[in-house]
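*Asks:* turn this into a model:
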Amino acid sequence: MLNIATGRVIKRNGKWAYVISLPYDPQKGRYPQRWRSGFETKKAAQEAMTKDLTDLDVNAASKATMTVKDYLEDWLTRSVAGRNSPRTLETYQHTCNSFIIPYIGNAKLNSITPNQIEEMYKKLAERVQPSSVHRAHRVLRAALNRAVKRGILTVSPMVRVESPSSKTTSRKPLGLSDIAQILTHLKQHHPVTYVATQLAISTGMRRGELCGLTWNDFDEERHMLRVVRSRQRRNGVDIVGAPKTAASIRQIPIGNQVIQLLRDWNNLHQQHTQERGVPWNNDDFILRRIDGFIIDPMTLSRDFRKAIIDLQLPDMSFHDLRHLHATMLLEAGIPAKVVQERLGHSSITMTMNTYSHVTETMQEKAVEKLEEALKNI
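*Replies:* All right, here's what the predicted structure looks like:
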């Protein structure tokens, strides 16, 4: 099989172009291609292609002997940073720095073996949750697949590595009485997080989506919240962008309780503003402190975690409120398609896979009811 990049010059649409066939990708079973077009002459296209091929060969040769640490840092900067949200980049960076580099960071990229990687998983499993080990697997696989596509590696060692299980020990779900305790505690000690928690339970929105809500997104007349942005904070800087996926841009119907919650929250802020005589900023975010300052999204997670500890309740994260919302809807018999749309999942398959444990229980209850009904026939 071809282990070096090769290219050819062609004429298309009245101008000259070149295509380079990169080294064979065994996972996709083909040679990836790189196209460049728009050259006025054949000679210009040939010269550009020659330079590109030389750069590819030189870079591939030099990067193959890089340490895993150096390669991952280069990959994060060149490939991940420009194509993903700041939060995703932060997660990838944390995974590389905490779960991968400490174990195999000093190994040469072209000499890393499946055994070394699987040994890393075993050591990781001794100190972190299975989901974190599985995340390290996914991140390393993505990084090494990129090395194959760039011609740095001929084949990724990950093709011979068993994927670690991501199953975690099931946590005891919080009951409605526990949620009521949390809400009472937050209302007294952390008003913003109290409002955010109520919204998360009632809508299933992600933390960044909640923090990205503005008053213009609240359509009181139609009983609707519009999800059109997500707000995160990285290195002390607020970053406002699109939600996680295209399907995440959605409208979520809300009930009278949520409407009244938002009315009261808005009135409280307006009253405080009048008393201080200091207007809010023009961004008009819903989740902000009484003094008008917007919060760090991480504040919601910290406040919620503190409430769990103070009340000595079973472990639960702020993100779990999204799962609680979906679970309550499914158990109430709401169609999975409706749940998918409220959560902003890209496909119903994702919803069904995520909540398969709920639907299994629902199936069992359905069989019990069916048998009960058939007894009288």
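*Asks:* contacts and neighbour counts: CA atoms only from here.
*Replies:* OK.
*Asks:* center of the chain, which residue is that?
*Replies:* Centroid-nearest residue in the chain: Thr88, 5.9 Å away (criterion: Cα atoms, centre = their mean).
*Asks:* for the helix or strand where it lies, output the C-alpha coordinates as PDB.
*Replies:* Applying DSSP states H and E as the criterion places Thr88 in helix 86-95. The C-alpha coordinates for helix 86-95 follow below in PDB (Å, rounded to 0.1, in the frame of the first residue of the first chain):
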ATOM      1  CA  PRO A  86     -14.400  26.500  23.600                       C
ATOM      2  CA  ARG A  87     -16.000  24.100  26.100                       C
ATOM      3  CA  THR A  88     -15.200  21.100  23.900                       C
ATOM      4  CA  LEU A  89     -11.600  22.300  23.500                       C
ATOM      5  CA  GLU A  90     -11.300  22.700  27.200                       C
ATOM      6  CA  THR A  91     -12.600  19.100  27.700                       C
ATOM      7  CA  TYR A  92     -10.100  17.700  25.200                       C
ATOM      8  CA  GLN A  93      -7.300  19.600  26.800                       C
ATOM      9  CA  HIS A  94      -8.200  18.400  30.300                       C
ATOM     10  CA  THR A  95      -8.500  14.800  29.000                       C
END
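*Asks:* now do that helix: distance to the chain's middle.
*Replies:* Relative to its chain's centre, helix 86-95 lies at 9 Å (Cα atoms, centre = their mean, to the nearest Å).
*Asks:* what residues sit buried inside the next helix or strand after it?
*Replies:* Counting by DSSP H and E, the element after helix 86-95 in chain order, helix or strand, is helix 101-104. Buried residues in helix 101-104, counted by 16 or more other Cα atoms under 10 Å: Ile101, Tyr103, Ile104.
*Asks:* and the last one, what does it touch?
*Replies:* So the one you mean is Ile104. With contact taken as Cα atoms under 8 Å, 6 or more residues apart in numbering, Ile104 is in contact with Val68, Lys69, Gln116, Ile117, Met120.
*Asks:* can you check Ile182 too?
*Replies:* So Ile182 contacts Phe304, Ala307, Ile308, Leu311 (Cα under 8 Å, 6+ apart).
*Asks:* what strand or helix carries the third one?
*Replies:* Translated: Ile308. helix 297-310.
*Asks:* give the buried residues for that helix.
*Replies:* Those would be Pro297, Leu300, Ser301, Asp303, Phe304, Arg305, Ala307, Ile308, for helix 297-310 by 16+ other Cα under 10 Å.
*Asks:* which other residues reach it?
*Replies:* For helix 297-310, contacts defined as Cα under 8 Å, 6+ apart pick out 182, 185-186, 190, 193, 196, 207-208, 211, 231-233, 314-319.
*Asks:* mind running it again at 7 Å?
*Replies:* When contacts are defined by Cα atoms under 7 Å, 6 or more residues apart in numbering, helix 297-310 is touched by residues 182, 185-186, 190, 193, 207-208, 211, 232-233, 315, 317-318.
*Asks:* stretch 189-201 too?
*Replies:* Under Cα under 7 Å, 6+ apart, the answer for stretch 189-201 is 183, 186-187, 210, 287-289, 300, 303, 321-322, 324-325.
*Asks:* how about stretch 36-45?
*Replies:* Val9, Lys15, Trp16, Ala17, Tyr18, Val19.
*Asks:* residues near the first one, how many?
*Replies:* Around Val9 sit 17 other residues, with neighbours defined as other Cα atoms under 10 Å.
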